[in-house]
Structure formats: structure tokens, C-alpha cells
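Enquirer: Curious how this folds, go ahead:
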Amino acid sequence: MDQYLNFKSHHSLTHKRLVVSTLINRTQQYVSTTEDRKSELAHVHNALRANGYPEWAVAPPPSNAKRPPSTNNNPQRLMLGLPYVAGLSEQLGHIYKSHNIHMYHKPANTLHSMVVHPKDRTLKEHQCGTIYNIMCDIDSSHTYIGETKRTLSQRFKEHTNLDKPTGVDHCQATGHSVSMKNTKVLTRESNWHQRKVKEAIYIKQRAPSMNKDQGYHLPAI
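Expert: Coordinates of the predicted model:
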């Protein structure tokens, strides 16, 4: 079976449509005879259906379809790369587009980032510019998501400061504890605004019980 990006996978619809258009365009461009082209297109359609693509996604666009002329007179657009969250990312994309901000999706973790390590990895407690997840040592269902531009160890000390603990009211109420061992770096981002937006998306996606608010205010949807 031909293996392509499955339609039910957690990827944006844009990426899935690109799979369809790339396969169809490749067939139309490189298959020379009409008969072979029809045969190859039928093969492509069957392969896409086998990978979960519905009929409306497999159907090629009308041959006379034209791309509307661009009305954007300002080529300098801001770029914002965020992890994909089904349902939320599409709506955020429309909102940012109205403010002339191009939002693109990038995975938080890739096979390359997990396997290839050209140099020694920085210990998580020494990493700066992170969105992190703290998990209760006793009850893993209680978590806290935050962000910091400083090292994770500096921020973690503030959370566990006995004089003025931050974000760990659950521990005070239950006598439970948190530790660096059960603290995970979700992603790294040096840009303040993008880090705040990513933190808010993670909070909305995971609904951590120890957070008192939703973090950075995302545009109303």
C-alpha cells in the first residue's frame, strides 16, 4: 500500500491538501500519455482513499480554477510559528491573517530532534526561554504549565520558595511536593511574544489543574 500522510492524523488541513495537490500535479506533469495519466490518477485517488482521504479532499480542483490576484501591498509580513492544535490553530490563523501576520505550523517534536544530537544536550535545568510542565510528585493528574526567559532552575526555585511559593497552591493544601525530576520542558522559544502565545495554547490544550489563569490572552474566537 502507498503510505502517505493519513487524513485522520494530527496535522493541519493545509498539509493534507498539499499531499493531494502534489501527487496530482506530479502525475499531470511527468506522465506523458493521456491513457497512462488517467491510470496513474486513478491509482493516486485509490491510494489517498486508502489513507483516509474523503471524496471531497481527493477530487482535483476545476481545470479553469485561477488563483485570485493578491491584494496585499505590504510584502513585509510578520511570521509566527506555533504547534498545531486541531480546531484552535485554524481559527487563530484567520485572526492573525486579518492583522497581516502569517501563522505557520511546526511540530514541537520531530524524529530528527529526538534522534540527532550533534552536540551534548543542555540539561533541562540550564535551558532558557522554555515553556515547561511541572507535575505533582504524588498525584500526576495535577500539573502546572508556565514559561520563563531565564533558566528553568531559577524559575523552579521561585515555585518552591517556602516564603512565597508561586503556582503550587496544590502542594500547600495537600502536603504534596514537586521536583525537577517531574518537570518537563515542553518546548523552547526565545521570542517573548511567541513564548507567551505557545504557553497559552498549551494551557488551553492540556487544562493543567494547578494554573490559576489561562496565561497570555488569546484573541477571542
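
Enquirer: Please spell out which residues along stretch 45-56 are buried.
Expert: Within stretch 45-56, the residues scored as buried using 16 or more other C-beta atoms under 10 Å are His45, Ala47, Leu48, Asn51, Tyr53. Quick note: C-beta positions are derived from backbone N, CA and C, even for glycine.

Enquirer: and it, how far from the chain's centre?
Expert: How far stretch 45-56 lies from its chain's middle: 25 Å, per C-alpha atoms, centre = their mean, to the nearest Å.

Enquirer: Now the longest strand seen in the chain - C-alpha only, CSV.
Expert: The residue-count maximum for a strand in the chain (DSSP state E) belongs to strand 178-188. Only the C-alpha atoms of strand 178-188 are listed here, as CSV (Å, rounded to 0.1, in the frame of the first residue of the first chain):
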residue,chain,number,x,y,z
VAL,A,178,7.0,18.9,43.2
SER,A,179,10.6,18.2,41.9
MET,A,180,12.8,19.0,39.0
LYS,A,181,12.7,15.2,38.2
ASN,A,182,9.0,15.5,37.3
THR,A,183,9.4,18.8,35.5
LYS,A,184,9.5,18.6,31.7
VAL,A,185,10.4,21.2,29.0
LEU,A,186,7.5,21.2,26.5
THR,A,187,9.3,23.5,24.0
ARG,A,188,11.8,26.3,23.8
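
Enquirer: Many thanks, we can stop here.
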